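sequence and predicted structure are below.
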Amino acid sequence: MSDATAEDTADMKGFEGFSYLPKFDSIEEERRHRKERLAAGFRLFGRFGFDEGVAGHITARDPELLDHFWVNPFGMNFSHIRVSDLILVNDKGEVVEGHAFVNAAAFAIHSQVHAARPDVVAAAHSHSIYGKSWSALGRLLDPLTQDACAFYKDHALFDDYTGVVLDLEEGKRIGHALGDHKAVILRNHGLLTVGHSVDEAVWWFITMERSCQAQLLAEAAGTPVLIEEEAATLTASQVGSHVSGYVSFQPLYAKITREQPDVFD
Ligand SMILES: [Zn+2]
């Protein structure tokens, strides 16, 4: 059993020999693996300072109950989250495993993104400083750097803001804006990224936040030179694939789990 799809393995050019997504002997093993990546993702969000009060959530679809997802308990600091703290939420927004509340916005947004995108295993969102600053401009990112090309023609803008997302219709509209892309910029709010693995969704969030920072810096300093379309398209295929996102996450996962082994508790 594996998270990989045919599409994922078709884009492995440059990564031949690398064992992409791990294989599992049982659903329990796969679930445990997904929860470990998710808890580590939160520790990284904490490390990068992506927390802002009680805002922000990363979700991982359950490998068996496909309309359920694992998420952070409401009000718990990202930096403290352990595997055993994660809660399982069903399609009605009820917590069916764990003893905590689910953030209402987490359910409104993520349930609809997971429903709109059956291929997506995980979705990440927070009110990180550069992401929300960039979001206020109501613009897509430009292909200014090699890293930013991961989002070239592969992200969207949710060009609306009407308050905290608490109703499912708003979540549906966000899912619609996301389309088949890996990320959506929520105007006046922040970033949301998705992936075929937790690894991928978390990596896209981290690198998108930094691409927002890079474009803000470059535009503050002068007039940036854009990468031309042909080169941007090629680079997108190199740094923006599912496998590339997965691989890019691994050094961060190794670092955070070595430094904070209690994440596995
Ligand atoms: Zn939010």
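Looks like it arrived, so ask away.

alpha carbons of the longest helix along the chain, as PDB, please.
Among the elements of the chain assigned as helix by DSSP state H, the one spanning the most residues is helix 198-221. These are the backbone C-alpha positions of helix 198-221, laid out as PDB (Å, rounded to 0.1, in the frame of the first residue of the first chain):
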ATOM      1  CA  VAL A 198       1.800  15.600   4.600                       C
ATOM      2  CA  ASP A 199       5.400  16.100   3.700                       C
ATOM      3  CA  GLU A 200       4.500  17.800   0.500                       C
ATOM      4  CA  ALA A 201       1.800  20.100   1.900                       C
ATOM      5  CA  VAL A 202       4.000  21.300   4.700                       C
ATOM      6  CA  TRP A 203       7.000  21.800   2.400                       C
ATOM      7  CA  TRP A 204       4.900  23.900  -0.100                       C
ATOM      8  CA  PHE A 205       3.700  26.000   2.800                       C
ATOM      9  CA  ILE A 206       7.200  26.700   4.100                       C
ATOM     10  CA  THR A 207       8.700  27.400   0.700                       C
ATOM     11  CA  MET A 208       5.700  29.500  -0.400                       C
ATOM     12  CA  GLU A 209       6.000  31.700   2.800                       C
ATOM     13  CA  ARG A 210       9.700  32.200   1.900                       C
ATOM     14  CA  SER A 211       8.900  33.000  -1.700                       C
ATOM     15  CA  CYS A 212       6.500  35.700  -0.500                       C
ATOM     16  CA  GLN A 213       9.300  37.100   1.700                       C
ATOM     17  CA  ALA A 214      11.700  37.000  -1.200                       C
ATOM     18  CA  GLN A 215       9.300  38.900  -3.500                       C
ATOM     19  CA  LEU A 216       8.400  41.500  -0.900                       C
ATOM     20  CA  LEU A 217      12.200  42.000  -0.300                       C
ATOM     21  CA  ALA A 218      13.000  42.200  -4.000                       C
ATOM     22  CA  GLU A 219      10.200  44.600  -4.800                       C
ATOM     23  CA  ALA A 220      11.100  46.800  -1.800                       C
ATOM     24  CA  ALA A 221      14.700  47.000  -3.100                       C
END
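
that helix: what's the following helix or strand?
helix 229-239 (DSSP states H and E).

show residues contacting that next one.
11, 14, 143, 146-147, 149-154, 226-227, 244 (CB atoms under 8 Å, 6 or more residues apart in numbering). Placement of C-beta: from N, CA and C, glycine included.

how about stretch 87-100?
Stretch 87-100 has contacts (CB under 8 Å, 6+ apart) with 62, 65, 67-76, 85-86, 101-102, 104, 107, 111, 115.

and that stretch, end to end?
This stretch, stretch 87-100, spans 7 Å end to end (CA to CA, to the nearest Å).

mind listing what's buried in that stretch?
Buried residues in stretch 87-100, counting neighbours by 16 or more other CB atoms under 10 Å, are found at Ile87, Leu88, Val89, Asn90, Val95, Gly98.

and the last one, how far from Leu86?
What it means is Gly98. According to CB to CB, to the nearest Å, Gly98 stands 7 Å off from Leu86.

pull up the overlap in contacts between the two.
Counting by CB under 8 Å, 6+ apart, the contacts common to Gly98 and Leu86 are Pro73.

so what pairs up with Val194 in the strands?
According to DSSP bridges, the residues that bridge with Val194 are Ala123.
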